[in-house]
Each structure stands twice: as C-alpha cells, then as structure tokens.
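Novice: whatever this is, show me its structure:
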Amino acid sequence: MTSAKTSKPSPPAFLLQPCDPAAMGWEMQQVQLGIARRAFELFEARDREHGHDWEDWFASESELLRPVSTAISETTDRFSLRANLLGLSGDEIKVSVEPKRVVILGRKEIKLAGPKETPSADFYPDQILKVIALTSEIDPEGAVVELQAGVLRFELPKVMKGETRAAGAGKS
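Specialist: Coordinates of the predicted model:
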C-alpha cells in the first residue's frame, strides 16, 4: 500500500508596490528616533556614564526591532533578494526600492483585548527596519516585489553600463 502525501498548496504571492523613498524616509526617521530615545534612556539608567554609546544603540535596536534574515544573489543583470518576514502580512510591510539600496519597514499589527488602541512605535517590539545596500545600480522601475509564505522576494534588474535609467528617475 502506498501512502499519498497530502501537502497544502502554497498561499498565492502578494505583490507589493514600492513606496516613494521620501515618504519612506519619514517613517524610517520615526523608528530611528524611537531607537535613539531608548538608547538615551539606557545611558541615563547607567548614571550617564560615557563610552557605551554603541552598546546602548545596539541594545535599543534589539529591544525595538525584530531581526530579519536576508539572502542576496547577484548575476550580471540582476539582484535576487530574499527576506524572512514570517508572521507579517502584505499590508503590514512597506518597501522602498532605490538605485543603490532597498529598505524594508514593517510592523505587526496586534489585536488588543481591551480598547482598540495600537501601541506607540517607540515601544513596539515587533517592527522591522532593514536597509540593504546594493553594490551596483538597479532600475527601481523594473523591480518586482512579492510576499509568499513569509518570504519577501525582490527581483531587481541592474542598470547596465552605458544604459540610462528611465526619464524622471535620474539622480537629483
């Protein structure tokens, strides 16, 4: 007697539209300010003892940000990037694709039993901020970003030497 394996089909991929980098910068700044405030609290809790600024910053990042594992591969014409965002849905994630970097920003929405309030970003334990620098320039207009089964996948076409990016996408 043979046993037939029954496997659940993979959930469909959720396509994400990259956000405007300027708008994303504002949201990134809010997260970074929360990290800076927490680092200052750690500094004050140590009676303002100097020399531990990096330690305080990294400790506050580890308290406020969820680690994100990433893998990147590169061919002559593209980057393929994967980020493990298990537990986050497509509407909880924002991405920005720029010529030399990718930014991932996410926040897990939690359901509270009491009044429908969302905790402030300053003390939110399940948020993500990941900035990934690229070694070659890419064409943000050609980027494909999708979330499937907790993995955020980027396909990023490179700008080839001698090629110019689309009109309006030039450097400022």
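
Novice: please report how far Ala39 lies from Gly150.
Specialist: Taking Cβ to Cβ, to the nearest Å as the measure, Ala39 falls 30 Å from Gly150. For every residue, glycine as well, the C-beta is placed using N, CA and C.

Novice: so which strand or helix has the most centrally placed residue in the chain?
Specialist: When Cα atoms, centre = their mean is applied to the chain, the residue found nearest the centroid is Ile104 (1.8 Å). Element membership for Ile104, per DSSP states H and E: strand 101-107.

Novice: so for the following helix or strand past that strand, mean pLDDT?
Specialist: For strand 101-107, the following helix or strand on the C-terminal side (DSSP H and E) is strand 127-133. Strand 127-133 shows a mean pLDDT of 94.

Novice: related to what we said a few turns ago, who has more neighbours, Ala39 and Gly150?
Specialist: Set Ala39 next to Gly150 and count neighbours by other Cβ atoms under 10 Å: Ala39 wins out with 22 against 13.

Novice: now the host helix or strand of the more buried one: buried residues?
Specialist: Following DSSP H and E, one finds Ala39 within helix 21-45. Using 16 or more other Cβ atoms under 10 Å as the test for burial, helix 21-45 gives 24, 27-28, 31, 34-35, 38-39, 42-43.
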